[in-house]
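Asker: give me the fold of what follows.
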Amino acid sequence: QVQLVESGGGLVQPGGSLRLSCVASRSIFSIYAMGWYRQAPGKQRELVAAITSRGSTNYADSVKGRFTISRDNAKNTVYLQMNSLKPEDTAVYYCNVASSMTAMMSAGPIGSWGQGTQVTVSS
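Answerer: Residues are numbered from 1 along each chain as shown. Modelled structure (predicted):
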């Protein structure tokens, strides 16, 4: 089972930026698709961005043009650069893995959920 640790959240004003990081516990990181999810209070967890082992990306419509997902396989780390943040981006952000982008979009992730990192966008 892949263990994942998220960091980088915080309180930011609308229009601000944050960069989230997620470190995976295993060196097989490079063969998995990675995704960033978020869960706002009272809402279901949703996939906001995903990246394949080769670097192909996919984004939820709500974050397209504002968020950028990237990965550094040598460091077993995936990042989420979040720009032009809005109050509705407030949520706990999690990362997870799947065998492929298709699997992530259909069956869902297969890693253990970490504690996540809180992002709060407020003036």
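Asker: ok, now which ones touch the spatially most central residue of the chain?
Answerer: Closest residue to the average C-alpha location of the chain: residue 36 at 1.8 Å, with Cα atoms, centre = their mean. Taking Cβ atoms under 8 Å, 6 or more residues apart in numbering, we find residue 36 in contact with 20, 22, 47-50, 67, 69, 78, 80, 93-95. All C-beta spots, glycine's among them, are computed from the backbone N, C-alpha and C.
Asker: ok, 10 Å please
Answerer: 6, 20, 22, 47-51, 59-60, 63, 67, 69, 78-80, 82, 93-96 (Cβ atoms under 10 Å, 6 or more residues apart in numbering).
Asker: which of the residues in the strand or helix carrying it are buried?
Answerer: Here residue 36, judged by DSSP states H and E, is contained in strand 33-39. By 16 or more other Cβ atoms under 10 Å, the buried positions in strand 33-39 come out as 33-38.
Asker: could you name the helices and strands sitting against the lowest-mean-pLDDT helix or strand in the chain?
Answerer: Lowest mean confidence among the helices and strands of the chain (mean pLDDT, DSSP states H and E): helix 101-106, at a mean of 90. If you count contacts as 3 or more Cβ pairs under 10 Å, 6 or more residues apart in numbering; DSSP states H and E, helix 101-106 packs onto strand 33-39, strand 46-51, strand 57-59, strand 91-98.
Asker: how about those strands, which one is nearest residue 10?
Answerer: The closest of those to residue 10 is strand 91-98. By Cβ to Cβ, the value is 11.0 Å.
Asker: related to what we said a few turns ago, can I get the helices and strands packed on helix 101-106 in CSV with distance to residue 122?
Answerer: Converted to CSV, those look like this (distance: least, Cβ to Cβ, whole Å):
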stretch, distance to residue 122
strand 33-39, 16
strand 46-51, 19
strand 57-59, 23
strand 91-98, 12
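Asker: residue 80 - nearest residue in space that isn't next to it in sequence?
Answerer: residue 20 (4.2 Å; Cβ to Cβ, 6 or more residues apart in numbering).
Asker: tell me the buried residues in the helix or strand that contains that neighbour?
Answerer: Using DSSP H and E, residue 20 maps to strand 18-24. Judged by neighbour count (16+ other Cβ under 10 Å), strand 18-24 contains these buried residues: 18, 20-24.
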